[in-house]
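Participant: Return a 3D structure for these sequence lines:
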Amino acid sequence: MANDGTRDDAEAQPEWRKDFPIDVPADQYVARRDFAKFLVLTSAAFVAGQGWIAAQDLVRKNRATAARARIGLLSETPIGTASVFRYPTPHDPCLLIRPEKDVLLAYSQACTHLSCAVVPKIEEGVLYCPCHAGYFDLKTGRNIAGPPPRPLPRIVLAIEGDEIFAVGVDERTV
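Facilitator: A predicted model of the protein is given here:
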């Protein structure tokens with residue numbers, strides 16, 4: 001009690017308030033309307049994100065077919081080697097692999113996990129992604145180990161005489 005006979009503020013407060021000494025004016029009250037606004041805006045952001053993902057998928061599927069491009073000569077591609085070329089755009093690195101005399105393979109060089117560059121290990125029969133230890137089968141491009149979720153996109157090749165042409169991209173999901 002204070003000297004004038006009135007109770008102190010500390011004595012007037014409930015016992016539990018002494019354990020949580022927060023000044024009432026410092027409390028931040030959230031009105032129901034503000035909370036509802038927050039929920040609506042957050043939900044709208046999630047819906048917009050899902051719409052963006054769906055739109056990107058549609059754009060990718062409806063993309064015009066890639067143009068035919070000459071990527072090299074068969075006589076200049078030694079057996080047991082791999083070379084890099086760019087297809088269908090100058091920003092898309094791809095691998096041209098010749099593991100055997102009569103076998104010519106081409107895949108996108110971007111790993112399907114996080115787009116790191118895959119490295120061919122022809123003697124082991126795999127394509128290796130050093131970023132997260134992902135492995136792809138050299139003959140099929142299928143993911144065989146690590147985090148990659150799907151096979152590498154296969155570049156469709158056409159051979160006319162001694163010339164090698166890239167004529168399309170086969171986006172595979174299994």
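
Participant: Going by residue numbers, what spans are helices in this protein?
Facilitator: All helices of the chain, identified by DSSP state H, fall at 9-12, 15-19, 32-61.

Participant: closest to Phe136 out of those helices?
Facilitator: helix 32-61 (20.4 Å; Cβ to Cβ). (Glycine included, C-beta is placed from N, CA and C.)

Participant: got the contact list for Pro93?
Facilitator: 84-86, 108-110, 117 (Cβ atoms under 8 Å, 6 or more residues apart in numbering).

Participant: Please pick the buried ones from those.
Facilitator: 85, 108-110 (16 or more other Cβ atoms under 10 Å).

Participant: Could you find the closest non-adjacent residue to Gly146?
Facilitator: Nearest residue to Gly146, sequence neighbours excluded (Cβ to Cβ, 6 or more residues apart in numbering): Gly134, at 3.4 Å.

Participant: Report the separation between the one you found and Arg154.
Facilitator: 17 Å (Cβ to Cβ, to the nearest Å).

Participant: Just want to know which of these two has more residues nearby.
Facilitator: Comparing Gly134 with Arg154 by other Cβ atoms under 10 Å, the one with more neighbours is Gly134, at 24 against 18.

Participant: In this structure the more buried one contacts Leu114, no?
Facilitator: No. Here Gly134 does not reach Leu114: they are 9.1 Å apart, not a contact under Cβ atoms under 8 Å.

Participant: What's the local residue count around Ser43?
Facilitator: Count around Ser43 with other Cβ under 10 Å applied: 10.

Participant: Tell me who's in contact with Pro99.
Facilitator: Contacts of Pro99 by Cβ under 8 Å, 6+ apart are 79-80, 105, 122, 125, 138-139.
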